[in-house]
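Asks: Quick one, what's the 3D model for this:
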Amino acid sequence: MERPFSVSDLPAITRPDGTPIRALVADDEPSLADLMGMGLRMAGWTVRTAGDGPSAVAAARDFRPDVLVLDVMMPGFDGVEALSRIRQFLPGVPALFLTAKDALEDRITGLAAGGDDYVTKPFSMEEVMLRLHRLVQRSGVAAQDDAELVVGDLVLNTDTREVTRAGEDIQLTATQFELLRYLMENPRRVVSKAQILDHVWRYDFGGQANIVELYISYLRKKIDAGRPPMIHTVRGAGYVIKPAEG
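Replies: Residues are numbered from 1 along each chain as shown. Take a look at the predicted model:
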């Protein structure tokens, strides 16, 4: 009989300087926050916990976490507001939302608010660990390479996580960066919504393509706004990125 997955099966990851990954867990259920903290520490991470929105923001300012785990419903102010405030001084920090809501529109709302992933309660610690592990790897906190992707006047550096167009800096969240990287790894090639879901989110998002459309919209506002467009929709097929014309 195959042995079930456990936290110890995940490969060890650290920050580039060899120090542990830092995670901030904010949830008003102390037992749940303690459980998550224990699991993350077993993976070799450093963990700080908080029980409400204001303390989460204060902890993030002091702790400078590499990844956030935020309960949507918290006292003081909710996880969405906490993320908004934290992103003011940690603009690129990836975030995973915890929520008791399981309606698709609520999931989309959390992601639209800037979250990079979500899990619904009740959940397994193994699932949370897998998603956080992938989120940290996608964000570039742990894994770096020295490749530079160039499409027209758009440049993405996977080592420094910098993105520029015509020399102008473009700030992206972890998931936006990963989506752009996937598009730029396939210049002039049409990639489908299913391919994007598989490569960027790495799991089946309930068969919903809405999240892809949402994040493509985010990228267009940052990459193409006020400029000749580079990201194009191919009806019935997907999306393609190519140098701007003219």
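
Asks: quick one, helices of this protein?
Replies: 30-42, 53-63, 79-86, 104-112, 125-139, 174-184, 193-196, 210-223 (DSSP state H).

Asks: Make JSON lines out of these and add mean neighbour count, mean pLDDT and distance to residue 160.
Replies: All C-beta spots, glycine's among them, are computed from the backbone N, C-alpha and C. Converted to JSON lines, the helices of the chain look like this (neighbours: other Cβ atoms under 10 Å; pLDDT from 0 to 100; distance: least, Cβ to Cβ, whole Å):
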{"stretch": "helix 30-42", "mean neighbour count": "16", "mean pLDDT": "89", "distance to residue 160": "27"}
{"stretch": "helix 53-63", "mean neighbour count": "19", "mean pLDDT": "96", "distance to residue 160": "23"}
{"stretch": "helix 79-86", "mean neighbour count": "22", "mean pLDDT": "93", "distance to residue 160": "22"}
{"stretch": "helix 104-112", "mean neighbour count": "17", "mean pLDDT": "67", "distance to residue 160": "26"}
{"stretch": "helix 125-139", "mean neighbour count": "19", "mean pLDDT": "81", "distance to residue 160": "13"}
{"stretch": "helix 174-184", "mean neighbour count": "23", "mean pLDDT": "92", "distance to residue 160": "11"}
{"stretch": "helix 193-196", "mean neighbour count": "17", "mean pLDDT": "88", "distance to residue 160": "24"}
{"stretch": "helix 210-223", "mean neighbour count": "17", "mean pLDDT": "93", "distance to residue 160": "17"}
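
Asks: So for stretch 237-246, mean pLDDT?
Replies: For stretch 237-246, the mean pLDDT works out to 87.

Asks: Please identify the buried residues of it?
Replies: Neighbour counts using 16 or more other Cβ atoms under 10 Å place 238, 239, 240, 241, 244 of stretch 237-246 among the buried residues.

Asks: rewinding a little: go through the helices of the chain and name the closest to residue 16.
Replies: Residue 16 lies closest to helix 125-139 among the helices of the chain, at 12.1 Å (Cβ to Cβ).

Asks: What is that closest one packed up against?
Replies: Identification of packing neighbours for helix 125-139 by 3 or more Cβ pairs under 8 Å, 6 or more residues apart in numbering; DSSP states H and E yields helix 30-42, strand 67-71, strand 95-99, strand 117-120, helix 174-184.

Asks: at 10 Å what do you get?
Replies: On a contact count with 3 or more Cβ pairs under 10 Å, 6 or more residues apart in numbering; DSSP states H and E, helix 125-139 meets strand 22-26, helix 30-42, strand 67-71, strand 95-99, strand 117-120, helix 174-184.

Asks: Pull the distance from that helix to the chain's centre.
Replies: Here the centre of helix 125-139 is set off from its chain's centre by 10 Å, with Cα atoms, centre = their mean, to the nearest Å.
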